[in-house]
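> Below are the sequence and a predicted model for it; my questions follow.
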Amino acid sequence: MKSVLIASRNSAEVRELKETIGQEYNVSVITSPNKVDDYLKKYGLVLLDHTFTEYYGEDFLMGVLRKSYLPVLMLTPPDDVKGAIETMRVGTCNYIVKVGDYHKVLNLSIRQAIEKFDEQDQMKQTIITLKKRVNELEERVGASGEEDVQASSPGTSTSILDQIVFIFKRGEINLPSLPQITIKFKEMVNKGVSLQEIAFLLQQDAAISCKLISVSNSVYYGGLTENKTLGQAVARLGLTTTRQYVDAISNRALYVTKNKKFLEFIEKLWEHSLSCAYASQIVSEVLKLELPDDAFTLGLMHDIGKLVLFQAVGELQRRKKLGENVDTAELYNTVNIHHNKFGAALLKRWKFSSGYVQIAAYHDNLEEADPISKELLVVHFANLLVKSMGYDQTQQAEIDVEDAESTRLLRLNSTMIAQVKDQVKGRMEEMRGIFA
Ligand SMILES: [Fe+2]
Ligand SMILES: [Fe+2]
C-alpha cells in the first residue's frame, strides 16, 4: 500500500481527508515542517494544503521539491487557483480546488499522480543508473593495477580476446546500461507522454538539459529567439529529435578511457559513430524510407562492440596484462575482427530489437546477412560513406562508395551521395562544439 503524507494546519479538514483516502493509502499527517525529511523517504505523495504554505511560506514546498522527487498535489481554495497554478511552475504535479464534493476526486487524483510519477521515475532511475555506470566504468578503466586480474601473465599464449572475455566475466568492467534510455524513451512516447512531461523528466539531468538547449539553438535547429529553458528546447526539437540527442549525449559520455594510448582511438570512434548516425538518418530521409527503428540511433550504435572492446583492451594494457610490447596494430586488429559478434551479443543482451543486433553483426559483411534488411543497407552504406570522408579510426585506403553493394541495392546515385555527404559534413561541423 502506498503512503500519502498530508501537510495541513486545518485539523477538522484533515480528519475528513484521512477518512476519504485512508482506505486506499497509509496516511500520515504533519502540522509543521519538523522531521519532514524522515517522512519524505517513506512516502509516495505529498498532499499539501494551502493552509500549510500560507503559514510556513513557500520555502517548505521548495524544500520538498529539492530534497525529493515526490509528486506534490496541492489543495487550494476556490479564490486562489492562480496561486496553485504558480506552484505548478515550480514543480507541483497538480492541484485540486476545494469546492463541492472535491473529496470524491481525491483518490483518483492521487492515484493518477502516483502512476504518472512512477512512469517518470523509471526514466529518471534509468538516467541515474546510466550516470552511475558511466562513473563506474570510468573508475574501473582508470583504476590502478591493484585489483589483480587472474589472467595469464604477459607473453603467454592466451589470446587477447580470451583475456577480454575473462575480465568481463569477472565483472571487472561493467557493461554500461545506456540502452535503457532508448527503450524507456520509446515506451514513454508509445504511451503518449507529452513534450512537457519529457522536458520535466530530462530536467533532472543537468548535462543533458544544457546540451539539448545548445543543440536547439544551433544554426540547424535555431529559431528567431534563443531558447533558454529545456521546455523551449524540447518544443523546438520535437520528440524524435529530442530522443536522438538524448541518445547521442548519453552515448557520448561512454566514450571515455584513461589509457592515454587509446584516447585518440576512442575520440575517433565517437566521431565515426556520430557521423554514421547522421548519415543513416539523412540517407533514410533522402530515400523517404520508413524503417522499423530509428535510423539515427541504429547508426550511432553500430560499432558499440568496438567501444566496449577498446575499453577492455585499454584496461588490460594499463594493468600490464598484455605485455609491454604488444603491437598497437595487433590490438586494433583483434578489436576489428571481433567487434561485430561482440556488439551483436551485447545489444541482444540489452534487449535491443533484432534490427540493431543484425546491424551490429553484419554492417561490415553484408554478404553474411540473411535476410538483408533495408536498415542494414542504410547503415552499411552510411558506415562506408563516413569512412570515405575521413571519419574513421585509421587512415583507410580509398573507399569506392559508389561501387558498394548497399549503394546499388538502395539505388543511390552520385547526386544523392554528394547530397548526403554535404549534409553530414555540415552537421558534424556544427555539432563539434556541443559534443566536445
Ligand atoms: Fe564496424
Ligand atoms: Fe563502423
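Yep, it's here. Residues are numbered from 1 along each chain as shown. Ligands and ions are numbered 1, 2, ... in the order given.
> how about low-confidence regions in this protein?
When the per-residue scores of the chain are filtered using pLDDT under 70, the ranges that remain are 69, 89-90, 119-186, 201, 203-207, 320-326, 395-396, 436.
> how about the residues of the stretch 201-350 of the chain near ligand 1?
Residues of the stretch 201-350 of the chain lying close to ligand 1 by Cβ under 5 Å from the ion are Asp303. C-beta here means a position set from N, CA and C on the backbone, and glycine is covered the same way.
> OK, now which residue of the stretch 201-350 of the chain is nearest to ligand 2?
When distances are taken as Cβ to the ion, the stretch 201-350 of the chain reaches nearest to ligand 2 at Asp303, 4.2 Å away.
> That residue touches His272, doesn't it?
Yes: here Asp303 reaches His272: they are 6.7 Å apart, a contact under Cβ atoms under 8 Å.
> So between those two, which is more surrounded?
Between Asp303 and His272, counting by other Cβ atoms under 10 Å, Asp303 is the more crowded of the two (27 against 22).
> Tell me how far Tyr115 lies from ligand 2.
Quick fix: residue 115 is Glu, not Tyr. Spatial separation of Glu115 from ligand 2 under the definition Cβ to the ion, to the nearest Å is 41 Å.
> Just give me the neighbour total for that residue.
Residues within reach of Glu115, counting by other Cβ under 10 Å, total 11.
> Next: Leu366.
For Leu366, the number of neighbouring residues by other Cβ under 10 Å comes to 16.
> try Ile359
Other residues within reach of Ile359, judged by other Cβ under 10 Å, total 30.
> In contact with it, which residues?
Taking Cβ atoms under 8 Å, 6 or more residues apart in numbering, we find Ile359 in contact with Leu298, Met301, His302, Glu375, Leu376, Val379.
> CA-only coordinates of stretch 280-297 in PDB, if you can.
Backbone C-alpha positions of stretch 280-297 (Å, rounded to 0.1, in the frame of the first residue of the first chain) are rendered in PDB as follows:
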ATOM      1  CA  SER A 280      22.000   6.900 -41.700                       C
ATOM      2  CA  GLN A 281      19.300   9.400 -40.900                       C
ATOM      3  CA  ILE A 282      20.000  11.600 -43.900                       C
ATOM      4  CA  VAL A 283      20.000   8.600 -46.300                       C
ATOM      5  CA  SER A 284      16.700   7.400 -44.900                       C
ATOM      6  CA  GLU A 285      15.300  10.900 -45.400                       C
ATOM      7  CA  VAL A 286      16.600  11.300 -48.900                       C
ATOM      8  CA  LEU A 287      15.200   7.900 -49.900                       C
ATOM      9  CA  LYS A 288      12.000   8.500 -47.900                       C
ATOM     10  CA  LEU A 289      12.400   5.200 -46.200                       C
ATOM     11  CA  GLU A 290      10.100   4.100 -43.300                       C
ATOM     12  CA  LEU A 291      12.300   2.000 -41.100                       C
ATOM     13  CA  PRO A 292      11.000   0.000 -38.100                       C
ATOM     14  CA  ASP A 293      13.800   1.500 -35.900                       C
ATOM     15  CA  ASP A 294      15.300   5.000 -35.800                       C
ATOM     16  CA  ALA A 295      18.000   5.300 -38.400                       C
ATOM     17  CA  PHE A 296      20.000   7.800 -36.300                       C
ATOM     18  CA  THR A 297      20.300   5.600 -33.300                       C
END
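> roughly how far is that stretch from the heart of the chain?
Taking the mean C-alpha point of stretch 280-297 and that of its whole chain, the gap between them comes to 20 Å (Cα atoms, centre = their mean, to the nearest Å).
> is ligand 2 contacted by that stretch?
No: Stretch 280-297 is not in contact with ligand 2 by Cβ under 5 Å from the ion; minimum separation 10.9 Å.
> buried residues in that stretch?
Of the residues in stretch 280-297, those with enough neighbours to count as buried (16 or more other Cβ atoms under 10 Å) are Ser280, Gln281, Ile282, Val283, Ser284, Val286, Asp293, Asp294, Ala295, Phe296, Thr297.
> could I get these as a markdown table with secondary structure?
As requested, the buried residues of stretch 280-297 are arranged in a markdown table below (DSSP: H, G, I helix; E, B strand; the rest coil):
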| residue | secondary structure |
| --- | --- |
| Ser280 | helix |
| Gln281 | helix |
| Ile282 | helix |
| Val283 | helix |
| Ser284 | helix |
| Val286 | helix |
| Asp293 | coil |
| Asp294 | coil |
| Ala295 | helix |
| Phe296 | helix |
| Thr297 | helix |
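> can I get these in CSV with distance to Val401?
Supplementary listing: the buried residues of stretch 280-297 in CSV, determined by distance: Cβ to Cβ, whole Å:
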residue, distance to Val401
Ser280, 14
Gln281, 17
Ile282, 14
Val283, 11
Ser284, 17
Val286, 14
Asp293, 23
Asp294, 23
Ala295, 17
Phe296, 20
Thr297, 22
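> on that earlier part again, identify the residues contacting the nearest residue to the residue of the stretch 201-350 of the chain closest to ligand 2 once chain neighbours are set aside.
Excluding its sequence neighbours, the residue lying closest to Asp303 (Cβ to Cβ, 6 or more residues apart in numbering) is Ser273, at 5.7 Å. Applying Cβ under 8 Å, 6+ apart to Ser273 gives the contacts Asn251, Gly299, Leu300, Met301, His302, Asp303, Leu307.
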